[in-house]
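> Give the three-dimensional model of this entry:
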Amino acid sequence: MAVALAVFGLLAQPRESAAAASAEIRRTSFGVPHILASDEQGLGYGIGYAYAQDNLCLLANEVLTVNGERSRYFGGQGKTVEQRNNLDSDLFFTWLNTPTAVSAFLQAQPVEVRNLLEGYASGFNRALGERRAQGLPAECGAGEWVRRLTSLDLVKLTRRLLAEGGAGQFVEALVGASPPKLAAQHQAADFRLALERQALFAMQRGSNAVAVGSERSSNGRGLLLANPHFPWMGGMRFYQMQLTIPGRLNVMGAALPGLPLINIGFNQHLAWTHTVDTSKHFTLYRLQLDPKDATRYLLDGKSLPLARQSLRVTVKGEDGSLREVERQVYTSEFGPVVQWPGKLDWDNRYAYSLRDANLDNSRVLQQWYRINRADSLDALRGSVAELQGIPWVNTLAVDAGGRSLYLNQSVVPYLDQQTLAQCSDPAASTKLVVLDGSRSTCQWQSDPQAAQAGIVPARLLPSLERRDFVQNSNDPARMSNPAQPLLGFSPLVSRDDQPLSMRGRFALQRLQGRGKLGVAELQGMVFDDEVYLASLLLPELLDWCRGGGADVAQLCQGLKAWNGKADVDAGVGLLYFEHIAEAMAEHPQSWRVAYDPADPEHTPRGLAVEQAAVRKLLHQVALAAQDQVNQAGISADSRWGQIQQAADGTPVPGGPQELGVYNAMYSVPVGQGKRLVVSGTSYLQIVSFTEQGPQAQGLLAFSQSSEAASAHHADQTHAFAAKQLAPLAFTEAQIKADPQYRRSVISERDKAAQVSSAD
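Residues are numbered from 1 along each chain as shown. Got it, this is the predicted structure:
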């Protein structure tokens, strides 16, 4: 332990470079930074500095979270951005980001990535010093929790990102697990909230992507739509920028907080994006407990003790005093014990351990940096196959020559079909893979060609290259292109029997045929705000309305007047339809044509209003929908843009993804007749390759800065509401021709940035 702590302390100190880091930051319209440096140290320095100019308090807050220190400053009962109890969050991140794990991750990075991280921390610290002297933004409060960063803080942010697809969904279940004879560490209500948050994970982190090849693109070259649906606040909020090291790197796109590279973007040769996949990135193991002791489990007939780890968190009381809270985490050789009363119970017979494949993924930053520098589609695909660092998303890409590519190649546990059949718990929910933890033969398998022990090798994961198109809207790999279905993979990777999402069906409807596709067609997929599900249900609903009765006249009038869209001008019919669709989804027998696995593009469809039972159910649902709209204080002449808004009151188009709205938005009630957008279309990018290189346009829907006083707090949000994509300046000529162009040069040798409006 002493050695580990010594290494941790050493790594926490910024590396002394032979030359001082420096960077040139050019800002264009909407405050987008174009960062130019001679090496990774300087590039990271510029990124951290620019990011802190726009989002200093956001990043400082997220660093506080991943260090498990929220309770020290805000109390244990306060809430994180995700509305999680501070104490639970702190305990979880104390468990996740141990000194040993964090230092091992940093040591595993190639020198270029370490230089990026060190430069980023140094650049952030420079901006912090400048902004503290000027007066910290209001979002920092009193600022006592805002501090200088090290590269280790950025590693902790990265490890949080990795855990998002697995252990991060079990926070309360992990820190609250306790043996049956001990008092429960949590009340059951906490776990109900945890289950709700797990259900919201995919909803708040979905995405759409379309990669069009030479056979279908209007100019015979590559064309890409990137439409990730990510949170509008917190640690998953994208940031737009361009990164350049002359002769080695020139890439533009969006990155998550604390990451010194581009997650979704384009360079001179190719463009790529990601969508959250349906693959399993963790499994549960049902432990058979020793009848004599519920803190021991049986493995191959041998009784083994659960390891115990003490977690300590400092908590601020209501009187301002500090005290330490201690909890125990129990771990088998499969992973930590998790407990959800009524779902994953720890009793005298069984307990459940969680194994998350991404907790051993130290390759994620290197993976994205390799993609950033890829000079061909083959280079991108080769890097993913070699490193296998993509955590929990699909990858779609195009190149300038018109090749389109779909990869479902993320970090997935490896179990062949025979082992999975022999080891799965038949009583478990299909949403959770539960394996027999009493036999070592049920451990994840290792393949010598896999980049990490226990994960599926790249050759056994879905990959599809085509010249027409590939697409994904958070569906399994099967229907990426219906002309060439991807079938026969492990159910942990991609299931063949799942219905397509309504967004996926909408996309295929728009993409099928032989017509050419250009920027306008891809932009229309998002900005048309079509409610695809309405095309399947609304005709029957209006037929039913003709004999529905006077007590549902309000709803029927709203449906009749509705334009079938989720744009800012949509009427209350959208709300009525949303309530009806949500309720009817619980009754699949109401479809006129049921789901047919052989025809996922067109089934299910229609509403069986000719059936008396369906008409009765529909009447009950309609009455409830009317009541809900009335109780929300929404008048009959209200428009969607008056209801769904950004934090500054900007009307926001788009709607629930369950309705097949490609421009998916997730908004929550914030008072009478209002909904606040918390997630949805985030970084929107359309890239078309031409003879002159990439031509890109896009928007960051929530704008660059999270600070209300910034000029770039809502400017792109206004453009998004008006459905006006902006050209993305990529070449030197485009950057310098931008009407908002301004330039600054920063160096570790200087005390202040040198600023000029032009070269």
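> For stretch 64-84, C-alpha coordinates in PDB please.
Output for stretch 64-84, consisting of C-alpha atoms alone and laid out as PDB, is shown next (Å, rounded to 0.1, in the frame of the first residue of the first chain):
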ATOM      1  CA  LEU A  64     -15.400  17.100  -7.200                       C
ATOM      2  CA  THR A  65     -17.800  14.300  -8.100                       C
ATOM      3  CA  VAL A  66     -15.300  11.800  -9.400                       C
ATOM      4  CA  ASN A  67     -13.000  12.400  -6.400                       C
ATOM      5  CA  GLY A  68     -15.900  11.500  -4.000                       C
ATOM      6  CA  GLU A  69     -15.800  14.900  -2.300                       C
ATOM      7  CA  ARG A  70     -19.300  16.300  -2.800                       C
ATOM      8  CA  SER A  71     -20.500  15.600   0.700                       C
ATOM      9  CA  ARG A  72     -17.600  17.500   2.200                       C
ATOM     10  CA  TYR A  73     -18.900  20.700   0.700                       C
ATOM     11  CA  PHE A  74     -22.600  20.200  -0.100                       C
ATOM     12  CA  GLY A  75     -23.700  17.700   2.500                       C
ATOM     13  CA  GLY A  76     -24.600  14.000   2.100                       C
ATOM     14  CA  GLN A  77     -28.200  14.600   1.200                       C
ATOM     15  CA  GLY A  78     -27.500  17.100  -1.500                       C
ATOM     16  CA  LYS A  79     -27.800  16.000  -5.100                       C
ATOM     17  CA  THR A  80     -25.500  15.500  -8.100                       C
ATOM     18  CA  VAL A  81     -26.400  16.900 -11.500                       C
ATOM     19  CA  GLU A  82     -27.900  13.400 -12.200                       C
ATOM     20  CA  GLN A  83     -30.100  13.900  -9.000                       C
ATOM     21  CA  ARG A  84     -28.200  11.200  -7.200                       C
END
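> remind me which residues of the protein are low pLDDT?
1-18, 182-204, 427-430, 751-759 (pLDDT under 70).
> switch to 50 and redo it
Counting by pLDDT under 50, the chain contains low-confidence ranges at 1-17, 759.
> quick one, longest helix in it?
Secondary structure of the chain per DSSP state H: the longest helix is helix 40-66.
> Centre of the chain to that one, how far?
Here the centre of helix 40-66 is set off from its chain's centre by 19 Å, with Cα atoms, centre = their mean, to the nearest Å.
> and that helix, what does it pack onto?
strand 22-27, strand 33-36, helix 86-96, helix 111-134, helix 151-163, strand 239-245, strand 742-747 (3 or more Cβ pairs under 8 Å, 6 or more residues apart in numbering; DSSP states H and E). All C-beta spots, glycine's among them, are computed from the backbone N, C-alpha and C.
> Would you reformat these as a markdown table and include distance to Gly558?
Written out in a markdown table, the entries for the helices and strands packed on helix 40-66 read as follows (distance: least, Cβ to Cβ, whole Å):
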| stretch | distance to Gly558 |
| --- | --- |
| strand 22-27 | 46 |
| strand 33-36 | 45 |
| helix 86-96 | 41 |
| helix 111-134 | 49 |
| helix 151-163 | 42 |
| strand 239-245 | 38 |
| strand 742-747 | 49 |
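> So for Gln422, which of those sits nearest?
helix 151-163 (29.0 Å; Cβ to Cβ).
> Redo the helices and strands packed on helix 40-66 as a markdown table? Include mean neighbour count and distance to Leu287.
Rendered in a markdown table, the data for the helices and strands packed on helix 40-66 read as follows (neighbours: other Cβ atoms under 10 Å; distance: least, Cβ to Cβ, whole Å):
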| stretch | mean neighbour count | distance to Leu287 |
| --- | --- | --- |
| strand 22-27 | 22 | 52 |
| strand 33-36 | 25 | 50 |
| helix 86-96 | 24 | 19 |
| helix 111-134 | 21 | 37 |
| helix 151-163 | 24 | 22 |
| strand 239-245 | 24 | 42 |
| strand 742-747 | 18 | 54 |
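> which other residues reach the helix or strand encompassing Leu618?
Using DSSP states H and E, Leu618 sits in helix 612-631. Applying Cβ atoms under 8 Å, 6 or more residues apart in numbering, the set of residues contacting helix 612-631 from outside is 541, 544, 548-549, 551-552, 554-556, 572, 575-576, 579-580, 583-584, 587, 589-590, 607-609.
> Next, check those residues against the strands and list the overlap.
The members of these that map onto strands under DSSP state E are Leu607.
> Could you give me the PyMOL syntax to select whichever of the contacts of helix 612-631 are buried?
Selecting only the buried members of the contacts of helix 612-631 in PyMOL, with burial defined as 16 or more other Cβ atoms under 10 Å, works like this:
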select buried, resi 541+544+548+552+554+555+556+572+575+576+579+580+583+584+590+607+608+609
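> relative orientation of the longest helix of the chain and helix 86-96 in degrees?
Between the axes of helix 40-66 and helix 86-96, defined by axes from the mean of the first three to the mean of the last three Cα atoms, to 10 degrees, the angle is 130 degrees.
> elements contacting the following helix or strand past helix 40-66?
On the C-terminal side of helix 40-66, the closest following helix or strand by DSSP H and E is helix 70-74. With contacts defined as 3+ Cβ pairs under 8 Å, 6+ apart, the secondary structure elements packing on helix 70-74 are helix 86-96, strand 307-316.
> Need the residues that contact the next helix-or-strand element following the last one.
Okay, so that is strand 307-316. Per DSSP H and E, strand 307-316 leads on to strand 322-332 as the next helix or strand towards the C-terminus. Contacts of strand 322-332 from elsewhere in the structure, counted by Cβ under 8 Å, 6+ apart, are 71-72, 76, 87, 91, 95, 174-175, 177-179, 185, 285, 287, 295, 297, 304, 306-317, 336-337, 351, 353, 437.
> related to what we said a few turns ago, out of the helices and strands packed on helix 70-74, which comes closest to Arg370?
Of all the helices and strands packed on helix 70-74, it is helix 86-96 that lies closest to Arg370, at 25.3 Å by Cβ to Cβ.
> what are the C-alpha coordinates of that closest one, in PDB please?
C-alpha atoms of helix 86-96 as PDB (Å, rounded to 0.1, in the frame of the first residue of the first chain):
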ATOM      1  CA  ASN A  86     -24.200  13.000  -2.800                       C
ATOM      2  CA  LEU A  87     -23.200  10.400  -0.200                       C
ATOM      3  CA  ASP A  88     -24.000   7.500  -2.500                       C
ATOM      4  CA  SER A  89     -22.100   9.200  -5.300                       C
ATOM      5  CA  ASP A  90     -19.100   9.900  -3.100                       C
ATOM      6  CA  LEU A  91     -19.000   6.300  -1.800                       C
ATOM      7  CA  PHE A  92     -19.200   4.900  -5.300                       C
ATOM      8  CA  PHE A  93     -16.400   7.100  -6.700                       C
ATOM      9  CA  THR A  94     -14.200   6.400  -3.700                       C
ATOM     10  CA  TRP A  95     -14.600   2.700  -4.600                       C
ATOM     11  CA  LEU A  96     -14.100   3.200  -8.300                       C
END
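> From the rest of the structure, what touches that helix?
Helix 86-96 is touched from outside by 65-71, 74-80, 156, 159-160, 163, 167-168, 171-172, 174-176, 186, 190, 309, 311-313, 315, 325, 327, 329, 336, 359, with contacts defined as Cβ under 8 Å, 6+ apart.
> which residues touch the one residue sitting closest to the centre of the chain?
Centrality entry for the chain: nearest residue to the mean C-alpha point is Arg205, 3.8 Å, by Cα atoms, centre = their mean. Taking Cβ under 8 Å, 6+ apart as the contact definition, Arg205 lies against Glu164, His229, Phe230, Pro231, Met236, Val276, Ser679.
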